[in-house]
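K.L.:
I'll drop the sequence and a predicted model, then ask my questions.
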Amino acid sequence: MFTCDSRLTVLASSLTVSAYRGHHKIFLGMAAGVGKTCRMLQEGHAELENGHDVVLGLLETHSRADTARLAEGLEVLARRRVSYRDTTLEEMDLPGILLRAPEVCLIDELAHSNAPGVEHQKRYEDVEEVLAAGIHVISTLNVQHLDSLNDRIAELTGITIRETIPDRVLADADEVVLIDISPEALLDRLRTGKVYPHERIDAALNHFFRIETLSALREIALRQVAEEVEAKRLDFEVIGARDELITTDAPQAIGERLLALVEPYPSSQRLVRRAWRSAQRLGSTLDLLWIKRPAAPVTPAQNSALAGLRRLAVMLDATLLIEESDDVPAAIARVVKERGTTYILMGRSRQPRGLNRLRTPLAQQLMNHLPGVDVRIVADRSRRHEPTP
Amino acid sequence: MTVALALVALLAGLVIGLSIPHARRRRHHPPVLERTRHILLPFTAATLSRRALEAAIRLAHAEDATLMPAFLAVVPLTLPLETPLPRQSRLAMPLLETIEQRATAHGITVDSRVQAGRTYRHALARLLEHEQFDRVIVSATEELRTGLSGPDLIWLLTHTSAEVMILRPSSTDTKTISADYLKGHF
């Protein structure tokens, strides 16, 4: 047994001795039961067979026989007992892992909150310490535990997740692997008792495990991983390999990024709805941009329309950007490059007056400024004459 | 040289000629300072009473007013008030589009709104804080889950200076406007 002092010594030395940071691989899933833990264990066996020193730092089998069977043959580090308010809780033994110092450590359920009294409040903080000690970590996480997605998922599912982790944990991971199965297959697994014990199945089916909830979570998980991959690729292109690039000034995005050009007028509401619908279809993010002329005063009606646009943007999860410039095409081009926009939606321009008739239309100017970016002009429905049904 | 001068004069004449009619039109029609009348049409679920919409369109047409359909969304207490609402957006956006299609077919200007609150009444109260309108058209309903309740309507009557038109429940209230009426792609 270690004394408390010796454990602290191990912790302190681990922070200074490690020459490099371990590699962090996360298996991400849409919900419990998709197979993250099994995949982590399979990966552990593969590492073991390749001659690496692998230990199981923490495993949550949730009484699943298949999972427990898969853990056989792997060295399991004992949990430590923590006393808290007349109960004894079991937690991952961080000092034990650091003292054992394996090459690879498998740690389940990254978002877990630790019992009070141990080194850190959250397990992901333990993992950061293990990585800092130069130990490679393979861990698991469900997408609903990410901070930034928490509200969105609560609105979709009606369930607020309390154990969350900062998004940077996922962003900082060296590898993120999505474990994906169809919602139907997951429900089959649930019904046959492979996810929860039989007494919990009905409750699960009535709450979290509904086909529409799982479909939405699956979409979020897929998109999250795609965005992580894209962010890493863009970082690499911008920072890591600029000299080898034979492409353009702007990094090329894998997914679409929409930008709707709005003005504080009633017609913009419709433009935003159209843009949001397109963003939904393309599975992309949506930005709204108003280029305000610095000298032009904002009227009360425009203020009201702008407030309406803000509320709509919040509800639709879009970002409203306001830029001041007299050079509208140049300002739009700058925002497009900064945001990695691939698709611009704009309303029909007002009829030009006087000398403005000689100017090149904005859409044309944008196409000239931004080769490779699609520009779509949304029709003004008030000019169409449709029979009333 | 003469030809060049003639061309420049012709071009200048053309430019001035193009700009004069608009300048003249602006002089003859000074901007109207009177605020456009607004008719608020709050709704709360995936459908809207057809009677309420038709009444709003008739009034907006008669008064040359702007129709302001407003979707009232409810945010659970567990979430921040200013939060994305994807599920409710999927219900509201097609319906707002349908309302706008119907109204613009009658030549009515539409300025739609969305407003979130902890309850429908809270959302309505927040809407009253920022928006100015002259009339409110609401449909009384016995379906408490999908519309404004009786106490909500009484509250509305005491908290707005605008004229409130409450449509009595009627047998035709089963006829609703829903996103199924949406024409064309959206």
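P.N.:
Thanks, I have the structure now.
K.L.:
for the lengthiest strand in chain B, C-alpha coordinates in PDB please.
P.N.:
Counting by DSSP state E, the longest strand found in chain B is strand B:66-74. Output of strand B:66-74 as PDB, limited to C-alpha atoms (Å, rounded to 0.1, in the frame of the first residue of the first chain):
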ATOM      1  CA  THR B  66     -47.900  45.500 -41.500                       C
ATOM      2  CA  LEU B  67     -48.700  42.100 -40.200                       C
ATOM      3  CA  MET B  68     -46.400  40.900 -37.400                       C
ATOM      4  CA  PRO B  69     -46.800  37.200 -36.800                       C
ATOM      5  CA  ALA B  70     -44.900  36.300 -33.700                       C
ATOM      6  CA  PHE B  71     -43.900  32.800 -32.700                       C
ATOM      7  CA  LEU B  72     -43.900  32.400 -28.900                       C
ATOM      8  CA  ALA B  73     -41.400  29.700 -27.800                       C
ATOM      9  CA  VAL B  74     -41.200  28.100 -24.300                       C
END
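K.L.:
need the mean per-residue confidence for the helix or strand just after that strand.
P.N.:
Downstream of strand B:66-74, the first helix or strand assigned by DSSP states H and E is helix B:86-105. Summarised as a single mean, pLDDT over helix B:86-105 is 88.
K.L.:
which parts of helix B:86-105 are buried?
P.N.:
B:86-89, B:91-105 (16 or more other Cβ atoms under 10 Å in any protein chain shown). (Glycine included, C-beta is placed from N, CA and C.)
K.L.:
before we move on, the earlier item: other SSEs contacting the longest strand of chain B?
P.N.:
Counting contacts by 3 or more Cβ pairs under 8 Å, 6 or more residues apart in numbering or on different chains; DSSP states H and E, strand B:66-74 packs against strand B:38-43, helix B:50-63, helix B:86-105, strand B:113-117, helix B:120-130.
K.L.:
relative to helix B:86-105, how tilted is it?
P.N.:
On the basis of axes from the mean of the first three to the mean of the last three Cα atoms, to 10 degrees, strand B:66-74 is oriented at 170 degrees to helix B:86-105.
K.L.:
between strand B:38-43 and strand B:66-74, find me the angle.
P.N.:
Going by the same axes, to 10 degrees, strand B:66-74 makes 30 degrees with strand B:38-43.
K.L.:
measure how strand B:66-74 sits relative to helix B:50-63, angle-wise.
P.N.:
150 degrees.
K.L.:
how far out from the middle of the chain is strand B:66-74?
P.N.:
Distance of strand B:66-74 from its chain centroid, counting by Cα atoms, centre = their mean, to the nearest Å, is 7 Å.
K.L.:
quick check, the residue in the stretch 51-200 of chain A closest to chain B?
P.N.:
residue A:160 (4.4 Å; Cβ to the nearest Cβ).
K.L.:
I figured that residue hits residue A:149, correct?
P.N.:
No - counting by Cβ atoms under 8 Å, residue A:160 stays clear of residue A:149, with 12.0 Å between them.
K.L.:
tell me which element the residue most central in space within chain A falls in.
P.N.:
With distances taken as Cα atoms, centre = their mean, residue A:224 lies nearest the centre of chain A, 3.9 Å away. Here residue A:224, judged by DSSP H and E, is contained in helix A:211-235.
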